[in-house]
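Student: structure of the sequence below:
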Amino acid sequence: MNAKARGVVQAVSIFAILAGFPAHAQAYPTKPVRVVVGFSPGGSADILARVVGQKLTEDLGRQFIVDNRAGAGGTIGAGIVAKSAADGYTLFIASSSHAINATYYKNLPYDTVRDFSGVATMAIVPYVLIVHPAAGMKSVKDTIERAKSAPGKLSFASSGSGTATHLTGELFKTMAGIEILHVPFKGPADGLAEVLGRRVDMTFVPVNSAKPFTDDGRLLAVAVTTTQRSMAFPNVPTIAETGLPGFEFTPWFGIIAPAGTPRPIINRLNQHIARALENPDVKTRLTSQGAQPLITKPADFDALIKSEVAKLGKLLKASGVGG
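Tutor: Purely as a prediction, here's the structure:
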């Protein structure tokens, strides 16, 4: 075959490959899709994966199977996905913790920004500041005044050092100019139990974790961490509107894929995830868990992750935590 003929064959081959991507995306998925969750069953990431994954299974005709790979703040699961084939058949439920880990852990086996492609955000799950009703801290202003009157005497529980709940407390300390002792635990349930037992003064937890305790009056919801009030606590103000202007911590969740996953497949997934989030049954199930659906395009999710890595990394370093 002469050079001219080889050139024609190569051009045709390249055209066929490029032309095949949209068709491949239309056929996707042709086998089960693994959705890796970096935390144990029952948490916000796991619930979102199962609710949205079930709808994707129904819409796309292939199973979206949740695979819990808990450990090291979600980095074990993220590492598995980063090393997986970039073919759309291995996905990861990323959260604010994914952005935090970029700074908190010194030697991650992946690059948080470069080794992943954003597929779609799914929801935000606001945190809420919780205290004991008998503590006498019924507002953000009360809490700050109490902390300033006794520096270092108050304490807050988190779901572990370097977690999003920990960073929320650190941001609260920094913006309020107060000293509060950080007491790490293994999850939000532990922190709530410690506040209930009056062994710790306060905690920041997802609204769905707090609601059973606040509904029956055992604990008090002081304020939520997001810029808008939570649908789960419509009568509870934000921290920003009741004593600390400008405060915001918005925990988010979404689906990411290994870098290099074909764009048509990412776009197809994004469209179906958005459709799932607009489904009334899915909305009801998510809002019952305190989650507020959040729909974005892949490029916007990539930009969010990049900005969160920078913002939360700065907070971590200022707090002297990790890295």
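
Student: would you mind checking which helix or strand in the protein has the lowest mean pLDDT?
Tutor: helix 3-27 (a mean of 52; mean pLDDT, DSSP states H and E).

Student: partners of the next helix or strand after that one, with directions?
Tutor: Next helix or strand after helix 3-27 toward the C-terminus (DSSP states H and E): strand 33-37. Strand pairing for strand 33-37, determined by DSSP bridges: strand 64-68 (parallel), strand 90-95 (parallel).

Student: using TSV, lay out these together with mean neighbour count.
Tutor: Backbone N, C-alpha and C define where each C-beta goes, glycine included. Listed next are those as TSV, based on neighbours: other CB atoms under 10 Å:
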stretch	mean neighbour count
strand 64-68	18
strand 90-95	27
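
Student: adding distance to residue 153 and mean pLDDT, write these out as JSON lines.
Tutor: Output for the strands paired with strand 33-37, formatted as JSON lines (distance: least, CB to CB, whole Å; pLDDT from 0 to 100):
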{"stretch": "strand 64-68", "distance to residue 153": "39", "mean pLDDT": "97"}
{"stretch": "strand 90-95", "distance to residue 153": "32", "mean pLDDT": "97"}
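
Student: so which of those gets nearest residue 154?
Tutor: strand 90-95 (27.4 Å; CB to CB).

Student: and the longest strand for the chain?
Tutor: Using DSSP state E, we find that the single longest strand of the chain is strand 116-124.

Student: if we can go back for a sec, please produce JSON lines containing the strands paired with strand 33-37, extended by distance to residue 131.
Tutor: JSON lines is the format used below for those (distance: least, CB to CB, whole Å):
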{"stretch": "strand 64-68", "distance to residue 131": "32"}
{"stretch": "strand 90-95", "distance to residue 131": "25"}
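
Student: wait, which of those is closest to residue 27?
Tutor: strand 64-68 (16.2 Å).

Student: contacts for that closest one?
Tutor: Contacts with strand 64-68, where a contact means CB atoms under 8 Å, 6 or more residues apart in numbering, come from 32-37, 39-41, 46, 49-50, 53-54, 56-57, 77.

Student: thinking again about what came up before, and the next helix or strand past the longest strand of the chain?
Tutor: Remark: after strand 116-124, the chain's next helix or strand is strand 127-131, criterion DSSP H and E.

Student: where do the helices of this structure begin and end?
Tutor: Assigned by DSSP state H, the helices in the chain fall at 3-27, 44-60, 75-82, 96-104, 140-149, 164-176, 188-196, 207-215, 263-278, 280-287, 298-319.

Student: need the winner for burial among those helices.
Tutor: Highest mean neighbour count of the helices of the chain: helix 96-104, a mean of 24 (counted as mean count of other CB atoms under 10 Å).

Student: and that helix with strand 90-95, angle?
Tutor: Computed by axes from the mean of the first three to the mean of the last three CA atoms, to 10 degrees, the angle separating helix 96-104 from strand 90-95 equals 80 degrees.

Student: list the helices and strands helix 96-104 packs on?
Tutor: Judged by 3 or more CB pairs under 8 Å, 6 or more residues apart in numbering; DSSP states H and E, helix 96-104 is in contact with helix 75-82, helix 164-176, helix 298-319.

Student: leaving out chain neighbours, which residue sits closest to residue 110?
Tutor: Leaving aside its sequence neighbours, residue 110 sits nearest to residue 82 (CB to CB, 6 or more residues apart in numbering; 3.7 Å).

Student: so that neighbour makes contact with residue 109?
Tutor: Yes: using CB atoms under 8 Å, residue 82 is in contact with residue 109, at 7.1 Å.

Student: returning to what we had before: quick one: closest of the helices of the chain to residue 89.
Tutor: Distance to residue 89, taken as CB to CB, is lowest for helix 263-278 among the helices of the chain, at 9.3 Å.

Student: contacting residues for the residue lying closest to residue 226 once chain neighbours are set aside?
Tutor: Once flanking residues are discounted, residue 226 sits nearest to residue 126: 4.3 Å by CB to CB, 6+ apart. By CB under 8 Å, 6+ apart, the contact set of residue 126 is 206, 207, 224, 225, 226, 230, 232, 250, 251, 290, 292.

Student: identify the residue nearest the second one in space, chain neighbours excluded?
Tutor: Using CB to CB, 6+ apart and skipping the chain neighbours, the partner closest in space to residue 207 is residue 290 (3.6 Å).

Student: need phi/psi at the one you found.
Tutor: Listed backbone geometry of residue 290 is phi 80, psi 0, with angles given as degrees, to the nearest 10.

Student: residues in a beta bridge with the residue nearest in space to the middle of the chain, which ones?
Tutor: Nearest to the geometric centre of the chain sits residue 95, at 2.1 Å (CA atoms, centre = their mean). In this entry, residue 95 is beta-bridged to residue 253, by DSSP bridges.

Student: for it, give its distance to residue 137.
Tutor: 28 Å (CB to CB, to the nearest Å).

Student: which residues touch the nearest residue to residue 59 once chain neighbours are set aside?
Tutor: Using CB to CB, 6+ apart and skipping residues adjacent in sequence, the residue nearest residue 59 is residue 272, 5.4 Å away. Neighbouring residues of residue 272 by CB under 8 Å, 6+ apart: 56, 59, 60.
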